[in-house]
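Student: Using only what follows, build the 3D model:
(chains A and B)
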Amino acid sequence: MQNLALGGLLLAAAVVPLVSDGYWLSIATTAMMYIALSTSWALFSGPTHLIALSTGAFFGIGGYMVGTGMSDYEQSFWTMALIAPLVATALALLVGLATLRLSGVYFVIFTLGLAEMVRNLVSWVQNNFLGSRGLYVLTDFTEAHIYWMLLAVAAVVFLAGSWLNRSRLGFALRIIGNDEEVARHVGINTAWSKVILFMTTGFFAALVGAIVAPRYSYIEPNVVFSPELSFMVVIMALLGGVHRLWGPLVGVIPFTLAWEAITVSFPNSTTLFLGLSFLLIVYLIPHGFTGLFETMLGRMRK
Amino acid sequence: MTPGDTILRVQNLTKRFGGLVAVNDLSFDVREHEVMGIIGPNGSGKSTTMNLISGALKASSGAIVLKGADLTPLPPHKIARLGVARTFQLVRILPKLTVLENVIAGAAFSHKPRWGAEAERFASDLLDRLELGDKKDLGVDALTYIDQKRLELARALASEPEVLLLDEWLAGLNPSELQIGIALIADLRSEGRTIILVEHVMDAIRSLCDRCVVMNSGTKIAEGTPAEVLSDAEVIRAYLGEG
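Tutor: From the prediction side, this is the model:
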């Protein structure tokens, strides 16, 4: 029954490009991008409560590598879309090993700093050694193709997440989020458990970055390594709720629509609205929509 | 049950915190099926010793050897996987997990890992034995203090430990709960489990421990049966001061 419902949902999502016009398809593609990003982000940050602001860095590696590979090294899109996530995974491994001892706010700041560092480093290398500043990503993909690829990635993220929720690794992460000291003393290698999940989120963020690169056509490090993206992913995941696999999904859809309205009406003050919505979510619905639903369900049963 | 061979050996264990020597050249052996008590006045290094054995703290020098394996350089999760389980001085249960999940947490990553239906069955049986069976699907915030203590003990037992460390497990219980608690540890003793316990409750030490190590200012000042050490002149001096 549940599988049937999920299959139906997937099918409904797959026909979106066939029934919508360019405007709505573009919004749906953006939403699908954030569904894949926020859901994979929550696989790590949900159970561990470690807020990672590094999505932009991994996403940027995906986009930038596709750009530089296709523009400067005459590689195919597919080759680069395969290599980029592996590079991001390796970087996530290094970052993970370096940040093992950091907790709470220190981890947040480190990941934010990391994203900025990668962005500036890539810009600097690009400006000083590689000549051109921008990179062209020219493919035959239509928006619908990109949408379907993102849908496939999102589906894989959901499969991975549902496997994780039933696995010992997923259970280990929940214990770590509850009490890391206890986690160590029941035999959990807390360091590796966290690193493996952090690598997973890095992998998916870079894959998504690679897939959406053809959407931009023209890639600039400052654009693809966007710190705003890191915050968007966190806000949407928190809005939906990170303690359920489908939580981020119910946050992404309304937020993408609201964000579209905001950027059209107030193009110069988007950062202001980003901060405002962050405050509102944290104050009014700290456990997101899913937390809200569950509290209401609990009240109705009583 | 009669004690068997030596299972855990503490050799010249020393822990310094800056200039303070919390544990000073401590040595003792624990035999299989034995309940070993570590007692002493506040600040004598008992809990530090427990933390050194479980790996929460690293020794400055000396060694802790479990069945021939040197635990001294290992991180806590590896020590746990060699069969050392513990409870904490201030009870630590996993607040967002159910009672049953708290126990499975002890079983899933141990030296005899259990997972899935088998782990659930095993954890349920343990909870039944500790009289928490009817609460297994509840959140832990529904538990009374002694039930939280029981749950923490169930989590430690779920790993089927070679050596069980109980760090003031009886502390904070009221007089009637204390009797229940002592009876529970007595059950574990008669099952032949190997236990090291740090305790202040003298009744518990007399009735539960096969042998005791008495510590004062980080140093071992006596070792023997509870009756022997509690009549030792130096032990009395350590507890009551110069007469």
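Student: okay, CA-based contacts and neighbour counts for the rest of this
Tutor: Will do.
Student: So which residues on chain A come close to chain B?
Tutor: A:168, A:171-172, A:175, A:178-179, A:182-189 (CA under 8 Å from any CA of the partner chain).
Student: again, only this time at 7 Å
Tutor: By CA under 7 Å from any CA of the partner chain, the residues of chain A that approach chain B are A:175, A:178-179, A:184-189.
Student: Name the member of those with the most neighbours.
Tutor: Among those, A:Val186 has the most neighbours (other CA atoms under 10 Å in any protein chain shown), with 31 neighbours.
Student: Return the residues in contact with the residue in the stretch 1-150 of chain A that chain B sits nearest to.
Tutor: Residue of the stretch 1-150 of chain A nearest chain B, by CA to the nearest CA: A:Pro47 (10.6 Å). By CA atoms under 7 Å, 6 or more residues apart in numbering or on different chains, A:Pro47 lies in contact with A:173-174, A:177, A:243.
Student: Strands of chain A, residue ranges please.
Tutor: Under the criterion DSSP state E, chain A contains strands at A:135-136, A:218-219.
Student: counting contacts, what elements does the lowest-mean-pLDDT helix or strand in chain B pack onto?
Tutor: One helix or strand of chain B scores below all others by mean pLDDT, DSSP states H and E: helix B:233-240, with a mean of 83. Helices and strands touching helix B:233-240, by 3 or more CA pairs under 7 Å, 6 or more residues apart in numbering or on different chains; DSSP states H and E: there are none.
Student: Run through who's touching that helix.
Tutor: Contact with helix B:233-240 is made by B:41, B:216, B:229, as judged by CA under 7 Å, 6+ apart.
Student: What of stretch A:250-270?
Tutor: A:31, A:34-35, A:236-237, A:239-240.
Student: Can you select the buried ones from these in PyMOL?
Tutor: To isolate the buried members of the contacts of stretch A:250-270 in PyMOL, using 16 or more other CA atoms under 10 Å in any protein chain shown:
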select buried, chain A and resi 31+34+35+236+237+239+240
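Student: gap between A:Thr190 and A:Thr200?
Tutor: 16 Å (CA to CA, to the nearest Å).
Student: For these two, indicate the residue with more neighbours.
Tutor: A:Thr200 (22 against 18).
Student: Provide a list of residues in contact with the residue nearest to the more buried one when sequence neighbours are not counted.
Tutor: In space, and not counting its chain neighbours, A:Thr200 is closest to A:Thr89: 7.0 Å by CA to CA, 6 or more residues apart in numbering or on different chains. By CA under 7 Å, 6+ apart, the contact set of A:Thr89 is A:199, A:202-203.
Student: Present the strands of chain A as JSON lines; the columns should include mean neighbour count and mean pLDDT.
Tutor: Output for the strands of chain A, formatted as JSON lines (neighbours: other CA atoms under 10 Å in any protein chain shown; pLDDT from 0 to 100):
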{"stretch": "strand A:135-136", "mean neighbour count": "20", "mean pLDDT": "80"}
{"stretch": "strand A:218-219", "mean neighbour count": "19", "mean pLDDT": "82"}
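Student: can you tell which of those strands is closest to B:Pro3?
Tutor: strand A:218-219 (72.8 Å; CA to CA).
Student: Low-confidence stretches in chain B?
Tutor: In the predicted model, chain B carries pLDDT under 70 at residues B:1, B:242-243.
Student: Residues in contact with stretch B:163-172: which ones?
Tutor: Contact with stretch B:163-172 is made by B:47, B:83-89, B:178, B:181, B:194-199, as judged by CA under 7 Å, 6+ apart.
Student: how does it look with 6 Å?
Tutor: With CA atoms under 6 Å, 6 or more residues apart in numbering or on different chains as the test, stretch B:163-172 has contacts from B:84-89, B:194-199.
Student: PyMOL command for the buried members of those?
Tutor: For the buried members of those, the matching PyMOL selection, counting by 16+ other CA under 10 Å, is:
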select buried, chain B and resi 84+85+86+87+88+194+195+196+197+198+199
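Student: This completes my enquiry, with thanks.
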